[in-house]
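>>> Need coordinates for the below:
(one chain, ligands or ions: 2)
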Amino acid sequence: MGYAQLVIGPAGSGKSTYCTNLYQHCETVGRTVHIVNLDPAAENFDYPVAMDIRELISLDDVMEELGLGPNGGLLYCMEHLEDNLDDWLTEELDNYLDDDYLVFDCPGQIELFSHVPVLRNFVEHLKRKNFNVCAVYLLDSQFITDVTKFISGCMASLSAMVQLELPHVNILSKMDLVTNKRDLEDYLNPEPRVLLSELNKRMAPQFAKLNKTLIELVDGYSMVSFIPLDLRKENSIQYVLAQIDNCIQYGEDADVKVKDFDPEDDD
Ligand SMILES: Nc1nc2c(ncn2[C@@H]2O[C@H](COP(=O)(O)OP(=O)(O)OP(=O)(O)O)[C@@H](O)[C@H]2O)c(=O)[nH]1
Ligand SMILES: [Mg+2]
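Numbering: from 1, shown residues only. Ligands and ions are numbered 1, 2, ... in the order given. Got it, this is the predicted structure:
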């Protein structure tokens, strides 16, 4: 059984930075994770790239040869990935053993987890290869400065949830930028009633019915819950990782291994 996180979320929400910090945290605590780049447009990496979609296809080539723009080009690359699940991805995955832990750093285009089936098929493939997969959805903490932004961030997360049908963890990233901690409490585990009244205050009266439906929808999927992530704090990263591990049932076997390896035995 392998383990995998699919790191998704809007452009610039901090996915790649999260991957880097997660990698470093795991190094510190003596755990191994392999970070995979799934963004054909990415150029610079602060983590060692274990697998790289750019070895399969590069966005530059696609844009040049097919005359596509950056977003159309990205979709083309991802569809190419989808066509190559049985060969390229399968071969790459063969390099990993049972118990390995992969973290997929995805591109930020929202299309990928709204209406195209690429990521869903990707995930299905991972499952067939015996991976326990969790979707890790990052939302920039700046989204909580405004209830309408927050709701649209929730809706994007919801569409990923519906598309991917995976265990799902929502993370509020860039917590170092949140100065008003009081606001924060309202958003980490928000009361639907409070959200609704905030939303109604912000929007014209004719939206009242829609607002109510939206809040009911978001609440009905019991997804309005975010774990804050402050990368300056080791225990924050540790907490987030523990929640995700729990979702993919990583741990019981690993505990046994940690016990096997007892540094105290050396003296
Ligand atoms: N202050 C602060 N800035 C952050 C944090 N995480 C990411 N950033 C900044 O946010 C910007 C985007 O971060 P990335 O990690 O590249 O975001 P991404 O989600 O991978 O972006 P795309 O791959 O383009 O969708 C960069 O300028 C980062 O330095 C954080 O925890 N705190
Ligand atoms: Mg990135």
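>>> Which residue does the stretch 101-250 of the chain have closest to ligand 1?
In the stretch 101-250 of the chain, the residue that lies nearest ligand 1 is residue 108 (2.4 Å; CB to the nearest ligand atom). Glycine gets a C-beta too; all of them are placed from N, C-alpha and C.
>>> Which positions in the stretch 151-267 of the chain make contact with ligand 1?
173-174, 176-177, 231 (CB under 6 Å from any ligand atom).
>>> Tell me which two in the residues you listed are the farthest apart.
177 and 231 (10.8 Å; CB to CB).
>>> Compare the two (neighbour count), which wins?
Legend: neighbour count by other CB atoms under 10 Å for residue 177 and residue 231, higher for residue 231 (20 against 11).
>>> Is residue 121 in contact with residue 86, as I believe?
No. Using CB atoms under 8 Å, residue 121 makes no contact with residue 86, being 10.8 Å away.
>>> Pick out whichever of those two has more residues nearby.
The residue with more neighbours, out of residue 121 and residue 86, is residue 121; 15 against 10, by other CB under 10 Å.
>>> Name the residue of the stretch 51-200 of the chain with the shortest distance to ligand 2.
residue 105 (5.9 Å; CB to the ion).
>>> From ligand 1, how far off is the closest residue to ligand 2 within the stretch 1-150 of the chain?
Proximity of the stretch 1-150 of the chain to ligand 2 (CB to the ion) peaks at residue 16, 3.3 Å away. Counting by CB to the nearest ligand atom, to the nearest Å, the gap from residue 16 to ligand 1 is 3 Å.
>>> And for residue 40?
Residue 40 is 11 Å from ligand 1, by CB to the nearest ligand atom.
>>> still on that earlier bit, helices or strands up against the helix or strand encompassing the residue of the stretch 1-150 of the chain closest to ligand 2?
Using DSSP states H and E, residue 16 sits within helix 15-29. Packing partners of helix 15-29 (3 or more CB pairs under 8 Å, 6 or more residues apart in numbering; DSSP states H and E): strand 2-8, strand 34-37, strand 101-105, strand 131-140, strand 168-173, helix 234-247.
>>> Put together a markdown table for these, with mean neighbour count and distance to residue 28 on each row.
Listed next are the helices and strands packed on helix 15-29 as a markdown table, based on neighbours: other CB atoms under 10 Å; distance: least, CB to CB, whole Å:
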| stretch | mean neighbour count | distance to residue 28 |
| --- | --- | --- |
| strand 2-8 | 25 | 18 |
| strand 34-37 | 22 | 15 |
| strand 101-105 | 23 | 15 |
| strand 131-140 | 24 | 20 |
| strand 168-173 | 23 | 20 |
| helix 234-247 | 16 | 7 |
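>>> Tabulate these in TSV, adding columns for mean pLDDT.
Putting the helices and strands packed on helix 15-29 into TSV (pLDDT from 0 to 100) gives the following:
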stretch	mean pLDDT
strand 2-8	97
strand 34-37	98
strand 101-105	98
strand 131-140	96
strand 168-173	95
helix 234-247	96
